[in-house]
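Asks: Would you be able to build a 3D model of this:
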Amino acid sequence: MVSGPPCRRRLSATAVSFLFRVGVCHGGDTDRKGIVLALIGYARVSTGDQTLDPQRAELREAGCDVIHEEHASGGDRARPALRRLLAAIRPGDTLVVVRLDRLARSLAHLLQVVETLGAQGAHFRSLNDPIDTTTPQGTFSLQVMGAVAELERALIRERTKAGLRSARAQGRIGGNPALRRGDRDALRALRAARDESYVRKLESSAAAWLPLVRRHRPAMTWDDLARLTSARTGQAWSAERLKRAARRYVRDGLLPAAVLERAPRRTPDDRLMAIVAGMRQADPDLTLAGIAKRLAQMRERTPRGNGTWYPSTVRMLLLRAEKMGMATER
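Replies: Have a look, this model is predicted:
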C-alpha cells in the first residue's frame, strides 16, 4: 500500500465557506460529519500492463493520497489487499478505482463489494465509468446494473433448469463427471470455490459482526457476544459461527490473534456488567430502556434471576461497571 497524509476530496472555497456556516467543517476536523472527505484508491495490475504507474497517477490526480495496491491477477481469487481494505474502511470513506474491471471480476462481484461498502457507511466511485454512489446519478446507474444482473441470474437459472430437464429426458446423469471420479484437481477447485463463497459471505456481513469482535473479544465470551450480535442485527448468530469467522480473519491478518484467547471467568454480575457496558460503548446513544429491551431479546436474566428488565436495573449495572472502569456513565 502506498500511504501518505489522510486523503481529502478537494473542495472549492464556496463549498468550504458553506460548510463552516452550517457547522459541518471545523478547520481541519477529520471526524467525518456527514460529508465524504476520505478518498481511498485501489489499483490492480492488468494482464497486458504489469505496472501500476498509470493507475497511481489517475488516482492521485483524483485526490487519493492513500492507495491500496493489488499485485494479483484478475483470475486470482484471494485479493488480500481488497479484503484488508474492506475490513478497515470507515463510514464516510470512498473507495476509488480507475475502471470497474480493476475492482471486480464480474458484475455480481462488483455489486457485492459495493453492498459491503454501503453496509459500512462507505461509498464507491469509478473514475472512468458513470458510477459514483455519492451522487443520485451514480447510484441510479448502479441500480440499473443490479437489475441487469438479476435478469442475467434469472435467465441462467431458467437455462440450467431446461438443460437438466433435457438431460434427464435423455437418460443422462447431472453433475460434474470429474467429481464423480474423485479427480483431485476437480476436488481442489471445488474447495477453492466454496472457500471463495464463504469469504464473500463474510465480507458482506462484516459490518455486523467485525466491529463487535474487535471491541469485545476476548473480554466477552463467544456465547455472550453471539447473543449481543443477534440482538443488535436482528439476525441469528451462534458462538461457533462467530468463532469461525474470527479464525478466518485472524488467519488472513484482518484481526489480531488476541481475539481468539480464552475469555476470563466472571461472576454472573460481572458478566452482566460486561454485556451492558459493551452495549453502551457500541452505541452511546442507546437509552437505558433500549438496553433493557435488548437484554430481554437476548433472554438474559436480571441479577435477581427474573426475565423482566427495567431501566433502573440497567442503570445500576452501568454505575457498577463505571466504578470498575468498564464503562463511562452519561
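Asks: give me the number of residues near T160?
Replies: When neighbours are counted by other CB atoms under 10 Å, T160 registers 11. All C-beta atoms are positioned from the backbone trio N, CA, C, and that covers glycine.
Asks: oh, I was asking about S205
Replies: Close neighbours of S205, defined as other CB under 10 Å, add up to 18.
Asks: same question, K161
Replies: Here the number of neighbours of K161 (other CB under 10 Å) works out to 10.
Asks: Ok, the one 3 residues further on next?
Replies: The burial metric for L164, expressed as a neighbour count using other CB under 10 Å, is 12.
Asks: looking at this, D285 is in a strand?
Replies: No: according to DSSP: H, G, I helix; E, B strand; the rest coil, D285 belongs to no strand; its state is coil.
Asks: in stretch 236-251, what's buried?
Replies: Buried residues in stretch 236-251, counted by 16 or more other CB atoms under 10 Å: 237, 242-243, 245-246, 249-250.
Asks: what's the offset of it from the middle of its chain?
Replies: For stretch 236-251, the separation from the chain centroid amounts to 14 Å (computed by CA atoms, centre = their mean, to the nearest Å).
Asks: so which helix or strand takes in the residue nearest to G307 when sequence neighbours are not counted?
Replies: In space, and not counting its chain neighbours, G307 is closest to R301: 6.2 Å by CB to CB, 6 or more residues apart in numbering. For R301, there is no host helix or strand (DSSP states H and E).
Asks: Repeat that for I67.
Replies: strand 66-70.
Asks: again, but for V114
Replies: Assigned by DSSP H and E, V114 falls within helix 107-119.
Asks: which residues touch that helix?
Replies: Helix 107-119 has contacts (CB atoms under 8 Å, 6 or more residues apart in numbering) with 82, 86, 89, 95, 100, 103-104, 123-124, 133, 142, 145-146, 148-149, 152-153, 200, 203-204, 206-208.
Asks: how deep is T94 tucked in, by neighbour count?
Replies: Neighbours of T94 under the rule other CB under 10 Å: 24.
Asks: ok, it touching S126?
Replies: No: applying CB atoms under 8 Å as the test, T94 and S126 come out as separate, 10.9 Å apart.
Asks: what do these two both touch?
Replies: Common neighbours of T94 and S126, using CB under 8 Å, 6+ apart, do not exist here.
Asks: quick one, phi/psi of L272?
Replies: phi -60, psi -40 (degrees, to the nearest 10).
Asks: Tell me who's in contact with it.
Replies: Contact analysis of L272 by CB under 8 Å, 6+ apart lists 300, 303, 317.
Asks: any idea of the pLDDT on it?
Replies: pLDDT, L272: 85.
Asks: got it, and A258?
Replies: Taking A258 on its own, its pLDDT is 92.
Asks: which parts of the strand holding I67 are buried?
Replies: Buried residues in strand 66-70, counted by 16+ other CB under 10 Å: 66-68, 70.
Asks: how about CSV for those residues, with pLDDT and distance to P311 added?
Replies: Formatted as CSV, those follow (pLDDT from 0 to 100; distance: CB to CB, whole Å):
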residue, pLDDT, distance to P311
V66, 90, 44
I67, 92, 48
H68, 92, 45
E70, 88, 49
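Asks: closest to S230 among those?
Replies: The closest of the buried residues of strand 66-70 to S230 turns out to be H68 (CB to CB; 32.3 Å).
Asks: what's the domain layout of this protein?
Replies: As recorded under automatic domain parsing, the domains making up the chain are 13-140, 180-260, 268-323.
Asks: Can you give me the first-to-last residue distance of the shortest one?
Replies: Think domain 268-323. This stretch, domain 268-323, spans 17 Å end to end (CA to CA, to the nearest Å).
Asks: so who does Y249 touch?
Replies: Neighbour list for Y249: 87, 202, 210, 255 [criterion: CB under 8 Å, 6+ apart].
Asks: In helices only, show me those.
Replies: Judged by DSSP state H, the contacts of Y249 include 87, 202, 210 as members of helices.
Asks: could you dump those to JSON lines with neighbour count, distance to R56 and pLDDT?
Replies: Listed next are those as JSON lines, based on neighbours: other CB atoms under 10 Å; distance: CB to CB, whole Å; pLDDT from 0 to 100:
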{"residue": "A87", "neighbour count": "19", "distance to R56": "23", "pLDDT": "83"}
{"residue": "L202", "neighbour count": "22", "distance to R56": "29", "pLDDT": "82"}
{"residue": "L210", "neighbour count": "21", "distance to R56": "29", "pLDDT": "87"}
